[in-house]
Structures are given as structure tokens and as C-alpha cells.
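*Asks:* I would like to see how this sequence folds:
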Amino acid sequence: MEVTLRRMGNSQGILIPKPILAQVGLEGKADLRVRDGVIEIRPLHGSPRAGWADDARRVAGAGDDALVWPEFGNAGDEDMSW
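*Replies:* Okay, the predicted model is just below:
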């Protein structure tokens with residue numbers, strides 16, 4: 001879709017049609033970036049760590065929080081010659 005840059009005060013902008021905003025879930029605020037010469041506009045999502053505390057409690061409550069690897073830090077260091 002071709003759009004026209006419009007003067008908005010000391011800046012320029014474009015009008016984004018409502019159906020396009022709805023298609024990508026943009027509402028209110030957005031994340032705006034330039035990456036590899038391309039302007040990206042993305043919906044803002046909550047904190048990337050939102051819900052971690054609840055998930056940790058759920059995992060611990062299910063007993064699934066055991067170590068995957070055994071403790072090995074510095075084991076056998078006394079046998080090394082420096």
C-alpha cells in the first residue's frame with residue numbers, strides 16, 4: 001500500500017488505516033524501531049518476565065524444580081597440580 005508522508009508540526013508521519021492496526025493488534029501505544037533501514041512498528045507487550053513468579057511457584061509446587069545437572073563446580077580441584 002502506498003502512503004503519503006504528512007507534515008505534523010516539526011515531524012512527518014503517515015496515517016495507518018484502522019483495519020491494518022486491528023490486523024496487527026496495534027492500539028494506544030506501539031514500539032517503533034529502525035532495523036536494517038526498515039521502520040518497524042510493533043504492538044507493545046507486557047514485561048517479558050511477567051508471570052515468571054507464578055510459573056516458578058507452579059513448577060515448585062509440582063516438584064519439577066530439581067536440578068537437571070548434578071553439582072560439579074570445582075569437584076576434583078584438589079587433585080589438580082598447578
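*Asks:* use CA for all of it now, contacts and neighbours both
*Replies:* Will do.
*Asks:* mind listing what's buried along the helix or strand residue 53 falls within?
*Replies:* Taking DSSP states H and E as the criterion, residue 53 maps to helix 52-61. Using 16 or more other CA atoms under 10 Å as the test for burial, helix 52-61 gives no buried residues.
*Asks:* so what touches it?
*Replies:* Contacts to helix 52-61, defined as CA atoms under 8 Å, 6 or more residues apart in numbering, come from residues residue 65.
*Asks:* tell me the mean pLDDT over it?
*Replies:* Mean per-residue pLDDT for helix 52-61: 92.
*Asks:* what's the answer for stretch 16-24, then?
*Replies:* 91.
*Asks:* contacts for it next, please.
*Replies:* 27, 42, 43.
*Asks:* using PDB, write out every CA atom in that stretch.
*Replies:* C-alpha atoms of stretch 16-24 as PDB (Å, rounded to 0.1, in the frame of the first residue of the first chain):
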ATOM      1  CA  ILE A  16      -2.400   3.900   9.200                       C
ATOM      2  CA  PRO A  17      -5.800   2.600   8.200                       C
ATOM      3  CA  LYS A  18      -7.800   1.100  11.100                       C
ATOM      4  CA  PRO A  19      -8.100  -2.400   9.500                       C
ATOM      5  CA  ILE A  20      -4.300  -2.600   9.400                       C
ATOM      6  CA  LEU A  21      -4.000  -1.500  13.000                       C
ATOM      7  CA  ALA A  22      -6.500  -4.100  14.000                       C
ATOM      8  CA  GLN A  23      -4.800  -6.800  11.900                       C
ATOM      9  CA  VAL A  24      -1.500  -6.500  13.800                       C
END
